[in-house]
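Visitor: Okay, here's the prediction I keep looking at, along with the sequence it came from:
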Amino acid sequence: QDLAVADEVQPDVDARARLAHRLHEGAALGCAGALLPALLVMGVHGGGFAQALGVATAGAVLLHAARHRQAVAAWAGMVVGLTACVSVALAAAGPGHPVQWAVALLPAVAGLSAPVWAPKVTDLEPTTVVWWERAESLALAATLPLAAHLAGLFLLIRGLG
């Protein structure tokens, strides 16, 4: 395609950018609205896999939301991440193993110590941001098999044979 086409000024570009911004905010709020009750129900049912999914979800969502520049999307992500931390504690609340209690303490300690380390998040080195992105990707990759296990996919596959 000729480059002159790309240089053409479009009169409604600002309105379309605002619309795309609002659509993204709506998608973030919709995802948060769907995830909040799901995370709480998952935490109430408890168990090690539910707790692991809560930790992975909290890690993926909080690492992403901490670097987000849109206020509504960042707040939606933070609320989902904090709810995932609550689901981690709820999953250990039953007759949990001491390891589950230790895992539940980690998000609590991170949240309670946030006033100390949160101001430093905006001044991260580029190499630190790369490691955060790797940790976010790893946490996101961990959520998929954990969610499949909790949904019963592996039991379904085992039952077919």
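Guide: Here it is on my side, so go on. Residues are numbered from 1 along each chain as shown.

Visitor: What lies in contact with stretch 15-33?
Guide: Stretch 15-33 is touched from outside by 10, 70, 72-73, 76-77, 79-80, with contacts defined as C-beta atoms under 8 Å, 6 or more residues apart in numbering. (Glycine included, C-beta is placed from N, CA and C.)

Visitor: how about a cut-off of 6 Å?
Guide: 72-73, 76, 79-80 (C-beta atoms under 6 Å, 6 or more residues apart in numbering).

Visitor: Scan the residues you listed and report the most crowded one.
Guide: The member of the contacts of stretch 15-33 surrounded by the most neighbours (other C-beta atoms under 10 Å) is residue 80, with 26 neighbours in all.

Visitor: which residues touch that one?
Guide: Counted by C-beta under 6 Å, 6+ apart, residue 80 has contacts 32, 35, 61.

Visitor: what about it, which SS state?
Guide: helix (DSSP: H, G, I helix; E, B strand; the rest coil).

Visitor: Look up how far residue 56 lies from it.
Guide: From residue 80 across to residue 56, the span is 13 Å (C-beta to C-beta, to the nearest Å).

Visitor: what residues do these two have in common as contacts?
Guide: Common neighbours of residue 80 and residue 56 (C-beta under 6 Å, 6+ apart) do not exist.

Visitor: still on that earlier bit, so can I have CSV of the contacts of stretch 15-33 showing distance to residue 105 and pLDDT?
Guide: Shown next, in CSV, are those (distance: C-beta to C-beta, whole Å; pLDDT from 0 to 100):
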residue, distance to residue 105, pLDDT
72, 31, 93
73, 29, 92
76, 26, 94
79, 21, 94
80, 21, 94
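
Visitor: of all the residues you listed, which comes closest to residue 145?
Guide: Proximity of the contacts of stretch 15-33 to residue 145 (C-beta to C-beta) peaks at residue 80, which lies at 19.9 Å.
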